[in-house]
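1. Have a look at this prediction, sequence included:
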There are 2 protein chains.
Amino acid sequence: MPQLSPPAASAADTPRPPLSPAPVLSRRDSVVQELRRAVVRGTLRPGDKLTEVNLSETLAVSRPTIREALNQLAQEGLLVQEPYRGLRVASLEPSQILDIARTRQALDMLAVDAILEDDGGRRMTAVQECWAEYSRWENDPDPLTRHEAHVAFHRGLWAASENSMLLRMWPVTEAHLTIALAQDQAIRSDPARASVVHHHLIDALQSRDRDLIEKAFTVHTIDSARELVSIIEGKDNA
Amino acid sequence: MPQLSPPAASAADTPRPPLSPAPVLSRRDSVVQELRRAVVRGTLRPGDKLTEVNLSETLAVSRPTIREALNQLAQEGLLVQEPYRGLRVASLEPSQILDIARTRQALDMLAVDAILEDDGGRRMTAVQECWAEYSRWENDPDPLTRHEAHVAFHRGLWAASENSMLLRMWPVTEAHLTIALAQDQAIRSDPARASVVHHHLIDALQSRDRDLIEKAFTVHTIDSARELVSIIEGKDNA
DNA sequence: TGGCCCCGGAATGTCAGACAATCAAAAGAC
DNA sequence: GTCTTTTGATTGTCTGACATTCCGGGGCCA
């Protein structure tokens, strides 16, 4: 049975600078955050079963609240719900990992086009700001912090495009990204490669050369996915 | 205060053929369906306020269950949640309507590429099946049935692509599509135009000519959105 | 021995009722 | 007339309970 910490503690010890205006997450959001982080950390692994009463005791939160959090995560796709049988941490087939990559590629390029089309350069400025934020954390010793910085960077790109629909689709995307990375720890623990790839990304973006950008995103997204898939399939055969 | 019917009744009187294997939706799903349909019917209009206790009484379902349904719809984007202040039916700015159209266009073409790439023609067969289903209902006298057929058709296209990520993104897409159409009743009540546009779509798809398909989707999605926006802006000025 | 049916445990799905936290606007004080 | 207080409304959360559904084990019968 995976062990989780109560959410009240973890909500306060966020290593981020005091950027949050102090909205002190609701209990439900704390639980959501705690579960997401547990997946990133590897405390919860794809396939693990979660029960409401169990989490309720472990996290010291009532069952209805836990339930709402689980429903939210299931809707995002981080958990899968089997009616009357419980919830499990989602796991992805290789084909699904490629689906995610292709879809992200399409949406990333949609964001890129919006960013490049911008008149006053406001959107590109937003990109640079979120890149600056990313670079502050990209080499953090804590893998969780690196992951959250990575996620925030890509979300920031979509936000910079000022396309409201992309932001609405982000939670689903983030959930699947998280699962894909959690699926194989080896990938997640290669910060150097991630760093290089992201530098290429931002360089390409600043060149404003669409083809170059597309290639950089392909390396980042599609190639990584293929690599991950081959690792997983190799492990299955072993 | 908009009037809604209890979900138990509406769940049973679906005019669809008995295709459902009899999963008899859970109460929560019944509430979700009822609220969605209320928006499509115009019983609930963008900006309308919903309260938990009120719905609980109207629909004869307990508050926790109502709450779960409302959370789900808020996550999809059909409702917007103002903390401690209640929920309202979402309403869209013109720029958001265009964002939705652009995003759908990108994802539709992603689906199209997958369908065209298919080796055995299985995916194109799936397209034809969902087109057949659509044509059975496209001229139904009930606008709700037409809307659900329309939605099912587009969902079917994404499903035919066999891209799992697209299916996960569908609920968000459907919610926004619903709001956009609910925003102006005039658009929804032009079944002839919708029919023509969809015939063009399917013709283009069967030609397998990617450029032709892209143009057809542009007419369907982008042009419709522009039209809707100009109607809304015209109404604002009046 | 082997297959079918029934039953109990376990978990979710749903309900009722209550209290605390929060926000908005009305009521009151200066 | 403006600021402060109060109050009402609504959500956020909790406790406890019951109904529903699924899985697997034990008993019955051939």
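-> It's in. Worth saying up front: this structure is predicted, and the values here are computed from it rather than measured. Residues are numbered from 1 along each chain as shown, chains lettered A, B, ... in the order given.
2. Quick check: residue A:106 vs DNA strand D, distance?
-> Here residue A:106 is placed at a distance of 34 Å from DNA strand D (C-beta to the nearest atom of the strand, to the nearest Å). Heads up, the C-betas are built off the backbone N, CA and C, glycines and all.
3. helix or strand for that residue, which one?
-> Assigned by DSSP states H and E, residue A:106 falls within helix A:94-117.
4. Who are the packing partners of the helix or strand containing residue A:128?
-> Using DSSP H and E, residue A:128 falls within helix A:122-137. For helix A:122-137, the contact count by 3 or more C-beta pairs under 8 Å, 6 or more residues apart in numbering or on different chains; DSSP states H and E identifies helix A:94-117, helix A:143-160, helix A:191-207 as packing neighbours.
5. How is chain A partitioned into domains?
-> According to automatic domain parsing, chain A is divided into the following domains: A:7-89, A:94-237.
6. okay, those in a markdown table with mean neighbour count and mean pLDDT next?
-> Output for the domains of chain A, formatted as a markdown table (neighbours: other C-beta atoms under 10 Å in any protein chain shown; pLDDT from 0 to 100):
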| stretch | mean neighbour count | mean pLDDT |
| --- | --- | --- |
| domain A:7-89 | 16 | 80 |
| domain A:94-237 | 18 | 89 |
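7. DNA strand C: which of those domains is closest?
-> Evaluated over the domains of chain A, closeness to DNA strand C peaks at domain A:7-89, with 3.5 Å, by C-beta to the nearest atom of the strand.
8. Compute the distance between the residue most central in space within chain A and residue B:138, please.
-> The centroid of chain A falls nearest to residue A:174 when counting by C-alpha atoms, centre = their mean (3.6 Å). Computed with C-beta to C-beta, to the nearest Å, the distance linking residue A:174 and residue B:138 is 37 Å.
9. chain center to stretch A:165-173: distance?
-> On the basis of C-alpha atoms, centre = their mean, to the nearest Å, stretch A:165-173 sits 11 Å off its chain's mean C-alpha point.
10. Just the CA coordinates for that stretch, please, in CSV.
-> Backbone C-alpha positions of stretch A:165-173 (Å, rounded to 0.1, in the frame of the first residue of the first chain) are rendered in CSV as follows:
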residue,chain,number,x,y,z
MET,A,165,-9.2,26.5,-25.7
LEU,A,166,-5.6,25.3,-25.3
LEU,A,167,-5.6,26.2,-21.6
ARG,A,168,-8.8,24.2,-21.1
MET,A,169,-7.2,21.2,-22.7
TRP,A,170,-4.1,21.5,-20.6
PRO,A,171,-5.2,19.5,-17.6
VAL,A,172,-5.8,16.4,-19.7
THR,A,173,-2.5,16.9,-21.5
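11. what about that stretch, near chain B?
-> Yes - Stretch A:165-173 reaches chain B (C-beta under 8 Å from any C-beta of the partner chain) through A:165, A:166, A:168, A:169, A:171, A:172.
12. and the helices and strands packed on helix A:122-137 as CSV, adding distance to residue B:123?
-> Conversion of those to CSV gives the following (distance: least, C-beta to C-beta, whole Å):
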stretch, distance to residue B:123
helix A:94-117, 13
helix A:143-160, 28
helix A:191-207, 32
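13. and chain A, which of its residues are near DNA strand D?
-> Chain A comes close to DNA strand D at residues A:26, A:27, A:28, A:61, A:62, A:63, A:64, A:65, A:68, A:83, A:84, A:85, as judged by C-beta under 7 Å from any atom of the strand.
14. Hmm, residue A:173 is touching residue A:104, no?
-> Yes - using C-beta atoms under 8 Å, residue A:173 makes contact with residue A:104 at a distance of 6.4 Å.
15. residues from chain A in reach of chain B?
-> Counting by C-beta under 8 Å from any C-beta, the residues of chain A lying close to chain B are A:26, A:64, A:67-68, A:71-72, A:75-77, A:83, A:95-96, A:99-100, A:102-104, A:106-107, A:109-110, A:114, A:163-166, A:168-169, A:171-172, A:176.
16. so which of those are also by DNA strand C?
-> Counting by C-beta under 7 Å from any atom of the strand, the members of those that reach DNA strand C are A:64, A:67, A:83.
17. element containing the second one?
-> To tie it back to what came earlier, the one meant is residue A:67. Residue A:67 is part of helix A:63-76 when elements are defined by DSSP H and E.
18. Distance check, residue A:41 against DNA strand D.
-> The span separating residue A:41 from DNA strand D equals 23 Å under the rule C-beta to the nearest atom of the strand.
19. Once you drop chain neighbours, what's closest to that residue?
-> Leaving out its chain neighbours, the residue that sits closest to residue A:41 by C-beta to C-beta, 6 or more residues apart in numbering or on different chains is residue A:144, at 5.8 Å.
20. who touches residue A:207 in this structure?
-> Shown here is residue A:207, whose contacts under the criterion C-beta atoms under 8 Å, 6 or more residues apart in numbering or on different chains are residue A:213.
21. wait, residue A:116 sits on residue A:209?
-> No - judged on C-beta under 8 Å, residue A:116 makes no contact with residue A:209 at a distance of 9.4 Å.
22. that older thread, could you say what helices and strands the helix holding residue A:106 packs with?
-> Judged by 3+ C-beta pairs under 8 Å, 6+ apart, helix A:94-117 is in contact with helix A:122-137, helix A:143-160, helix A:164-183, helix A:210-217, helix A:224-237, helix B:94-117, helix B:164-183.
23. got the CA positions of that helix in PDB?
-> Presented in PDB, the C-alpha positions along helix A:94-117 are these (Å, rounded to 0.1, in the frame of the first residue of the first chain):
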ATOM      1  CA  PRO A  94       2.700   2.300 -26.500                       C
ATOM      2  CA  SER A  95       0.200   3.300 -29.100                       C
ATOM      3  CA  GLN A  96      -1.400   5.800 -26.600                       C
ATOM      4  CA  ILE A  97       2.000   7.400 -25.900                       C
ATOM      5  CA  LEU A  98       2.400   8.000 -29.600                       C
ATOM      6  CA  ASP A  99      -1.200   9.400 -29.800                       C
ATOM      7  CA  ILE A 100      -0.400  11.800 -27.000                       C
ATOM      8  CA  ALA A 101       2.800  12.900 -28.700                       C
ATOM      9  CA  ARG A 102       1.100  13.500 -32.100                       C
ATOM     10  CA  THR A 103      -1.700  15.400 -30.400                       C
ATOM     11  CA  ARG A 104       0.600  17.600 -28.400                       C
ATOM     12  CA  GLN A 105       2.700  18.300 -31.500                       C
ATOM     13  CA  ALA A 106      -0.400  19.600 -33.300                       C
ATOM     14  CA  LEU A 107      -1.500  21.700 -30.400                       C
ATOM     15  CA  ASP A 108       2.000  23.000 -29.800                       C
ATOM     16  CA  MET A 109       2.300  24.100 -33.400                       C
ATOM     17  CA  LEU A 110      -1.100  25.800 -33.000                       C
ATOM     18  CA  ALA A 111       0.300  27.700 -30.100                       C
ATOM     19  CA  VAL A 112       3.400  28.500 -32.000                       C
ATOM     20  CA  ASP A 113       1.500  29.900 -34.900                       C
ATOM     21  CA  ALA A 114      -0.500  32.200 -32.600                       C
ATOM     22  CA  ILE A 115       2.700  33.300 -30.900                       C
ATOM     23  CA  LEU A 116       4.400  34.100 -34.200                       C
ATOM     24  CA  GLU A 117       1.300  35.900 -35.500                       C
END
